[in-house]
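Asks: below is the sequence, then the predicted model.
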Amino acid sequence: MSREAIILFLRTMIARAYPRIVGQNREPSWVLIDVGLPLLGTSAYVFIYRALQAPEAYIGFVILGGAMTAFWLNVLWSMSSQLYWEKESGNLPLFIIAPGPMMGILAGMALGGMLATTLRASVIVLAGSLLFGVRYAPADPLALIGSFLLTLLALYGLGMLLASLFLMWGREAWHLSNLLQEPIYLLSGFYFPIRALGFWVGALASLIPLTLGLDAMRQLLFPQAASGLFPVGIEIAGLAALSGIFLLAAHRALNAMERLARREGRLTERRR
């Protein structure tokens, strides 16, 4: 890739990330909804665990899962379905004819959503920790940061892949978004240790980046209480592998989408 192509890619990414960051913080009610609703759901599980007299570390498990809920919802609704919504609103042709690469546009969507959602997730963790008195004991801060960043990279790589697939599938994108929302809560272990599902179910669920990411971060934040599915090193290596696989698959799916648009000439048509 030439220097000019790299600069164009970076400029496209930043240009697409900017309105997403600004737009998501422009309406205060959106911020309250994005923070308040996950916090309410998290609080419900906290009270369930306390009623069952579960170990206090489980409260931390729940708060961490509630914070990561914000990222999954952002990927599902603001990444995976975004190109389909742009098509329905008539903006997709502008993206396609623009000189910037489509991969840069998707990367900008991911970067903007990632930064904006990180602020909301941080508020959820801070508020939940203060309300319920959670104490953290990070075993390895660098590994914790690395596992978090790799989780986001793999998760948004998956979102970039789904954005192209949902666009090609058309109206089924809306149904698929609804279909995927709740099962991921279960298979990723948002509110309980994934080992509770059994080793083989957990291993299969590890194809979802959130499963490995949450399990690794819980082991690093609560080393005395967390019983991980795999050792942290293996989970970090798995997240790195998933990041590469999803990003490569997203690039190929995007190329296939563009070939479909050139061959059939109806990818950007709006349904009546």
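Replies: That came through fine.

Asks: helices or strands up against the longest helix seen in the chain?
Replies: Scanning the chain for the helix with the most residues, using DSSP state H, yields helix 232-264. Applying 3 or more Cβ pairs under 8 Å, 6 or more residues apart in numbering; DSSP states H and E, one finds that helix 232-264 makes contact with helix 102-132, helix 141-169, helix 209-221. Just so you know, the C-beta spots here come from the backbone N, C-alpha and C atoms, and that holds for glycine as well.

Asks: buried residues in that helix, which are they?
Replies: Neighbour-count burial for helix 232-264 flags 232, 235-236, 238-239, 242-243, 246-247, 249-251, 253-254, 257, 261 (criterion: 16 or more other Cβ atoms under 10 Å).

Asks: how about stretch 143-155?
Replies: Of the residues in stretch 143-155, Ala143, Leu144, Gly146, Ser147, Phe148, Leu150, Thr151, Leu152, Leu153, Ala154, Leu155 count as buried by neighbour count, 16+ other Cβ under 10 Å.

Asks: and stretch 53-63, by the same measure?
Replies: Buried residues in stretch 53-63, defined by neighbour count with 16+ other Cβ under 10 Å: Ala57, Tyr58, Ile59, Gly60, Phe61, Val62, Ile63.

Asks: same deal with stretch 153-170?
Replies: Under the neighbour-count criterion of 16+ other Cβ under 10 Å, stretch 153-170 has 153-168 buried.

Asks: any chance of the helices and strands packed on helix 232-264 in TSV, plus distance to Ile14?
Replies: What follows is these, written out as TSV (distance: least, Cβ to Cβ, whole Å):
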stretch	distance to Ile14
helix 102-132	7
helix 141-169	16
helix 209-221	24
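
Asks: any chance of the ones you listed in a markdown table, plus mean pLDDT?
Replies: Formatted as a markdown table, the helices and strands packed on helix 232-264 follow (pLDDT from 0 to 100):
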| stretch | mean pLDDT |
| --- | --- |
| helix 102-132 | 83 |
| helix 141-169 | 85 |
| helix 209-221 | 89 |
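
Asks: to Gly90, which of those helices lies closest?
Replies: Each of the helices and strands packed on helix 232-264 has some distance to Gly90 by Cβ to Cβ; the shortest is helix 141-169, at 14.0 Å.

Asks: hey, C-alpha coordinates of the following helix or strand past the closest one in PDB?
Replies: For helix 141-169, the succeeding helix or strand toward the C-terminus, using DSSP states H and E, is helix 172-187. Provided in PDB are the C-alpha atoms of helix 172-187 (Å, rounded to 0.1, in the frame of the first residue of the first chain):
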ATOM      1  CA  GLU A 172     -33.100  -9.800   7.200                       C
ATOM      2  CA  ALA A 173     -30.500  -7.600   8.900                       C
ATOM      3  CA  TRP A 174     -33.100  -6.200  11.300                       C
ATOM      4  CA  HIS A 175     -34.300  -9.700  12.300                       C
ATOM      5  CA  LEU A 176     -30.800 -11.000  12.600                       C
ATOM      6  CA  SER A 177     -29.900  -8.100  14.900                       C
ATOM      7  CA  ASN A 178     -32.800  -8.900  17.200                       C
ATOM      8  CA  LEU A 179     -32.000 -12.600  17.000                       C
ATOM      9  CA  LEU A 180     -28.300 -12.200  18.000                       C
ATOM     10  CA  GLN A 181     -28.900  -9.800  21.000                       C
ATOM     11  CA  GLU A 182     -30.000 -12.100  23.800                       C
ATOM     12  CA  PRO A 183     -28.100 -15.400  22.800                       C
ATOM     13  CA  ILE A 184     -24.800 -13.500  23.000                       C
ATOM     14  CA  TYR A 185     -25.700 -12.400  26.600                       C
ATOM     15  CA  LEU A 186     -25.900 -16.100  27.500                       C
ATOM     16  CA  LEU A 187     -23.000 -17.500  25.400                       C
END
